[in-house]
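# Here is a sequence together with a model predicted from it:
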Amino acid sequence: MMQWPLVLTHFLDRARRLHHRRPIASRHAGGVFRYSFGDWAGRVDRLAAALTALGVRRGDRVATFGWNTHRHFEAYFAIPCMGAVLHTMNVRLFPEQLAWVFNHAADRVVLVDATLLPLFDRVRAQLTSVEHVIVMGEAGEAPIDAGYLDYETLLAGAADRFDWPALDEEEAAALCYTSGTTGHPKGVLYSHRALVLHTLGIALTDAFQMRERDVLLSIVPMFHANAWGLPFAAAMLGCAVVLPGPHLQPKELADLIESEKVTFVGGVPTIVAGLYHHLVQEGRKVPTLRQIIVGGSALPRVLLEGFERELGVEVVHAWGMTELAPAGSVSRLRGEMEHWSKEAQTRVRLMQGTPFPLVELRIVREDGAEAPWDGTTAGELQARGPWVVRQYYNDPESDLRFDGEWFRTGDVAAIDELGYVRLVDRTKDMVKSGGEWISSVDLENAIMGHPQVAEAAVVAIPHSKWTERPLACVVPRQGKAAEITRDSIRAFLKGRVADWWLPDDVVVLETVPKTSVGKFDKKVLRERFKDYAWPEAV
């Protein structure tokens, strides 16, 4: 057979030749910019030519610091296909983290969204390797007198054709850093081969089930875990693409779904939940929307059932990590389950699902033994496969996260006899009460089943008798704060969880703090309530 390299250039060429008529819509402050994949491919050529003229060479890191826009989508292909490394910077990191990551990656060029210049300016003087900063915005937006380059001016002056190099599939294509919940963020360097195989894997029918006829709205940020690989899959398949820009408020998302006739959405539960509550409260329908892929944290039952019952939209639960490029598993029903009861099917759909093809998962107990696939024996979830990280980028402590050839995810999980993964919790988020473990994830999902609860996060707080006990931090639905009390939540949970799981207290918040990628930021809650005074009697 031909030794044909698995490189992202194939997807660029495919989009140019086969999908040149398919549309791309990108929302910005002035409205929605629209063009075709054919137009996009021409601008990708020009961007690669412009970066080459600036001195970018194979292996150089080129950072993007931007929202989900058409210019960012152009950079997703121009940079890796010219042989450089696409480094997607998380715009929600703290300034000191941003400076550290820019310097650790040794980026030579940074592409910055015009709206993010004030944030970038706070760290610019600390950057040690950056030679050029390009502002992604309308022509003339870049402050040239401050040493910035203008994206549109560079493209206008670049050659309209680019001689794409023959790449090796093991060359680095992209670099993404973890969100850095503890210590410095860690870099994950992806090869072309890994990203091509990952793209093929997620596009399968029993995986993300993406189609050429789909209109894809990627809510998940392009700076987070390769936007789950959705931009690469869209180019490969020819999905129409909708890019929402920086504004992810429920009404704006609903308007975009309606105006662009979106069929497929990918996003984290917190953003998807906001969209759901808006649609239901306003009585809006989204008839074109057929599927939402939810990942990043556990899928609440109310979203799964509510979207299907009230809006006719299928919600599919997936699990992954930056270190897995990021797809690890996805939960879809098998043929043998078609005649199961609705409740039994729902229990399966709420799990993290079975591994994607080519990914292998296992559970390892505290004693180091591999756990049986019995659905109950829990331990650390470990992964291996062609798109799983082998080591962190330029990190001498990488070995601590590996068990031989297996990557240690830090998630506590169980796997049933059919291979379905059920995450119990992150190791650091488990509540150890009286020597027994309580899953904060399961408890949160039970609380979010309460009809007046919008969000719920559970954290372990020190307790004089039980070592730790669960504290429930609850955000009520609009106008329902008076109905959320300790007694009402505990009464609702009776019979739904074990009595000893019932939270010893409930605090009502206006919002649960989020991490840079939209997950509940439990370290903030643990710090805030570390000296919490428990009620005297429960």
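It's in.
# Check what pLDDT the spatially closest residue to V507 that is not a sequence neighbour gets.
Leaving aside its chain neighbours, V507 sits nearest to C473 (5.4 Å; criterion: C-beta to C-beta, 6 or more residues apart in numbering). C-beta: built from backbone N, CA, C; applies to glycine. pLDDT recorded at C473 is 94.
# tell me the mean pLDDT for stretch 279-298?
Predicted confidence along stretch 279-298 averages 94 (mean pLDDT).
# Buried residues, that stretch. List them.
279, 284, 286, 289-298 (16 or more other C-beta atoms under 10 Å).
# what's the spacing between the helix or strand bottoming out on mean pLDDT in the chain and its chain's center?
Among the helical and strand segments of the chain, the one scoring lowest on mean pLDDT, DSSP states H and E is strand 436-438, with a mean of 76. Relative to its parent chain, strand 436-438 has a centroid offset of 28 Å by C-alpha atoms, centre = their mean, to the nearest Å.
# Show me what it pairs with in its sheet, parallel or antiparallel.
strand 431-433 (antiparallel) (DSSP bridges).
# Tell me which residues of the strand it pairs with come out buried.
Applying a neighbour-count criterion of 16+ other C-beta under 10 Å, one finds V431, S433 buried in strand 431-433.
# just to revisit the earlier point, next SSE after the least confident helix or strand of the chain?
Using DSSP states H and E, the helix or strand that follows strand 436-438 in sequence is helix 440-447.
# For the closest residue to L248 other than its chain neighbours, which residues are in contact?
Leaving out its chain neighbours, the residue that sits closest to L248 by C-beta to C-beta, 6+ apart is I271, at 5.6 Å. The contact partners of I271, taken as C-beta atoms under 8 Å, 6 or more residues apart in numbering, are I219, L248, L253, G518.
# Widest-spaced pair of these?
Based on C-beta to C-beta, the longest span within the contacts of I271 runs between L253 and G518 and measures 13.1 Å.
# okay, these two: which has more neighbours?
L253 (25 against 21; other C-beta atoms under 10 Å).
# Surely that one is within a strand?
No: judged by DSSP: H, G, I helix; E, B strand; the rest coil, L253 forms no part of a strand; its state is helix.
# ok, now which ones touch it?
So L253 contacts L217, I219, P244, I271, L275 (C-beta under 8 Å, 6+ apart).
# The residue nearest to L248 and V315, how far apart?
For I271, the distance to V315 equals 13 Å [C-beta to C-beta, to the nearest Å].
# for S26, same thing?
In this view, S26 and V315 are 26 Å apart by C-beta to C-beta.
# How about P462?
Relative to V315, P462 is positioned 36 Å away (C-beta to C-beta).
# cool, and D531?
In this view, D531 and V315 are 39 Å apart by C-beta to C-beta.
# Comparing those two, which residue is more hemmed in?
More crowded of D531 and V315, by other C-beta under 10 Å: V315, with 23 against 8.
# Could you say whether the more buried one sits in a helix, a strand or coil?
Secondary structure, three-state DSSP: V315 is strand.
# Pull the contacting residues for it.
By C-beta under 8 Å, 6+ apart, the contact set of V315 is V272, Q291, I292, V294, L299, L303, L304, F307, E308.
# Run through the chain and note the low-pLDDT ranges.
Scanning the chain for pLDDT under 70 picks out 180-183, 427, 435, 516-517, 537-538.
# how does it divide into domains?
Listed domain ranges for the chain are 9-18+31-197, 326-427, 430-528 (source: automatic domain parsing).
# Pick the most deeply packed of the ones you listed.
With neighbours taken as mean count of other C-beta atoms under 10 Å, the domains of the chain reach their highest mean count in domain 9-18+31-197, at a mean of 19.
# Now do the end-to-end distance for that domain.
Chord length of domain 9-18+31-197, first to last residue, is 13 Å (C-alpha to C-alpha, to the nearest Å).
# And for stretch 80-91?
End-to-end span of stretch 80-91 (C-alpha to C-alpha): 20 Å.
# what's the answer for stretch 24-44, then?
The stretch stretch 24-44 measures 14 Å between its terminal residues, going by C-alpha to C-alpha.
# Stretch 363-383 too?
From its first residue to its last, stretch 363-383 covers 9 Å (C-alpha to C-alpha).
# same deal with stretch 231-245?
The first and final residues of stretch 231-245 sit 14 Å from each other (C-alpha to C-alpha).
# please renumber so the chain begins at 2
In the new count, where the first residue is 2, that last one comes out as stretch 232-246.
# gap between that stretch and the chain center?
Worked out by C-alpha atoms, centre = their mean, stretch 232-246 lies 16 Å from the chain centre.
# just stretch 531-539 next, same as before
With C-alpha atoms, centre = their mean as the basis, stretch 531-539 stands 35 Å off its chain's centre.
# Using CSV, write out every CA atom in it.
The C-alpha trace of stretch 531-539 is given here as CSV (Å, rounded to 0.1, in the frame of the first residue of the first chain):
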residue,chain,number,x,y,z
LYS,A,531,-12.8,26.5,53.7
ASP,A,532,-13.8,27.9,57.2
TYR,A,533,-17.5,27.3,56.7
ALA,A,534,-19.5,26.9,60.0
TRP,A,535,-21.7,23.8,59.7
PRO,A,536,-25.2,24.0,61.2
GLU,A,537,-25.3,22.4,64.6
ALA,A,538,-27.9,19.7,63.8
VAL,A,539,-28.7,17.9,60.6
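# For that stretch, list every residue counted as buried.
Burial within stretch 531-539, assessed by neighbour count using 16+ other C-beta under 10 Å, is assigned to Y533, W535.
# which helix of this structure spans the most residues?
Criterion DSSP state H: the longest helix present in the chain is helix 38-54.
# that older thread, secondary structure class for the residue nearest to V508?
C474 carries the three-state label strand when classified by three-state DSSP.
# re the thing from before, what does the least confident helix or strand of the chain contact?
Strand 437-439 is contacted from outside by V425, D426, M431, V432, K433, A461, P471, W501, W502, using C-beta under 8 Å, 6+ apart.
# Inside strands: which ones of those?
V425, D426, V432, K433, A461, P471 (DSSP state E).
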